[in-house]
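> Need coordinates for the below:
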Amino acid sequence: MANSSAAPIMLELVDEDGTTIGTAEKLSAHVPPGRLHRAFSVFLFDEEGRLLLQRRALGKYHSPGVWSNTCCGHPYPEEPPFAAAARRVGEELGVAPSLMGEAGTVRYNHPDPESGLVEQEFNHLFVGLVRGPLRPDPEEVAETVFVTPEELEKRHAEDTFSTWFMTVLDAARPAIRELTGDAAGW
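Presented below is the predicted three-dimensional model:
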C-alpha cells in the first residue's frame, strides 16, 4: 500500500531524440497534453513462443483492468532503461527475464479516454524469454495469460487493451520475430 508521505515518483523528461532534458513527477507528466518522458515496454515469451500478457490491476490509477504487454513502466531518473525493465518484471511478475535484449524505441502520444491521462512517451522496447513460475503482485497485475498470435488477435478483438499496446507491439515485431522465429507467426 502506498504511503501518502512517500516521496513523489519522478520520471525523466526527454526531447524528440530521447535526450534527457529534466524531470517531472509521474502523474503530472501524464496530465494533458502530457510531457514527453522516457518509458519502457517488455515482451516476454515462453519456450513455445507464446507471448505473456498481463491484465493491469483494477487499483492502478492509469489504465486499470486492461490487457497489455508483459510489463511496462518508467525508469527512475538516470536509471538505464534495461535495468528498469528487468527491475519492474521482477517487481510486477515475481520472475527474472531470461535473454532479454533491446528491441529499439518508439515515440507516441496516446490519450486514454477512460482516465483522461496522456501517454506521451519515448519508449524503449525489450524482448526476451521467461522461465519458471510467475508470482504476480496483485497490486500491479490482475491476471496473466500466455497467447499465440492467433489467440492474441481474438483476445484483442474481444477485450480492452491499453491504448499503447498495438503501437509498442508493432514496433517490437522485428525483434520478436528474431527471438521466436518467423514460423511462430509474430
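> From here on, just use CA atoms for contacts and neighbour counts.
Will do.
> mind checking the SS state of Glu139?
Here Glu139 is coil, with the state taken from DSSP: H, G, I helix; E, B strand; the rest coil.
> got the contact list for it?
57, 59-60 (C-alpha atoms under 8 Å, 6 or more residues apart in numbering).
> was I right about Leu36 contacting Gln120?
Yes. Counting by C-alpha atoms under 8 Å, Gln120 is a contact partner of Leu36 at 4.9 Å.
> So for those two, which sits in the more crowded spot?
Using other C-alpha atoms under 10 Å, the more surrounded residue of Leu36 and Gln120 is Leu36, with 26 against 23.
> And the more buried one, what's its pLDDT?
As predicted, Leu36 sits at a pLDDT of 98.
> tell me the centre residue of this structure?
Closest residue to the average C-alpha location of the chain: Cys72 at 1.9 Å, with C-alpha atoms, centre = their mean.
> Phe146 versus that one, what's the distance?
17 Å (C-alpha to C-alpha, to the nearest Å).
> Any regions of this protein where pLDDT drops low?
Low-confidence regions of the chain, defined by pLDDT under 70, span residues 1-5, 183.
> Return the distance of the biggest helix by length in the chain from the chain's centre.
Using DSSP state H, we find that the single longest helix of the chain is helix 165-180. How far helix 165-180 lies from its chain's middle: 13 Å, per C-alpha atoms, centre = their mean, to the nearest Å.
> returning to that earlier point: dump the contacts of Glu139 to a markdown table, plus neighbour count and secondary structure.
Below are these laid out as a markdown table (neighbours: other C-alpha atoms under 10 Å; DSSP: H, G, I helix; E, B strand; the rest coil):
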| residue | neighbour count | secondary structure |
| --- | --- | --- |
| Ala57 | 20 | coil |
| Gly59 | 14 | coil |
| Lys60 | 12 | coil |
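> if I pick Val42, what's in contact with it?
Contacts here follow C-alpha under 8 Å, 6+ apart; on that basis Val42 touches 69-72, 85, 125-128.
> Give the bridge partners for it, please.
Cys71, Phe126 (DSSP bridges).
> swap in Val145?
With DSSP bridges applied, Val145 shows beta-bridge pairing to Leu53.
> For Glu121, see how far away it is.
Distance, Val145 to Glu121, by C-alpha to C-alpha: 26 Å.
> residues of the lengthiest strand in the chain that come out buried?
Longest strand in the chain, counting residues (DSSP state E): strand 97-111. The neighbour-count check on strand 97-111 (16 or more other C-alpha atoms under 10 Å) flags 97, 100-101, 103, 105-107, 109, 111 as buried.
> Could you dump those into TSV with distance to Asp46 added?
Output for the buried residues of strand 97-111, formatted as TSV (distance: C-alpha to C-alpha, whole Å):
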residue	distance to Asp46
Pro97	10
Met100	12
Gly101	15
Ala103	17
Thr105	23
Val106	24
Arg107	27
Asn109	30
Pro111	31
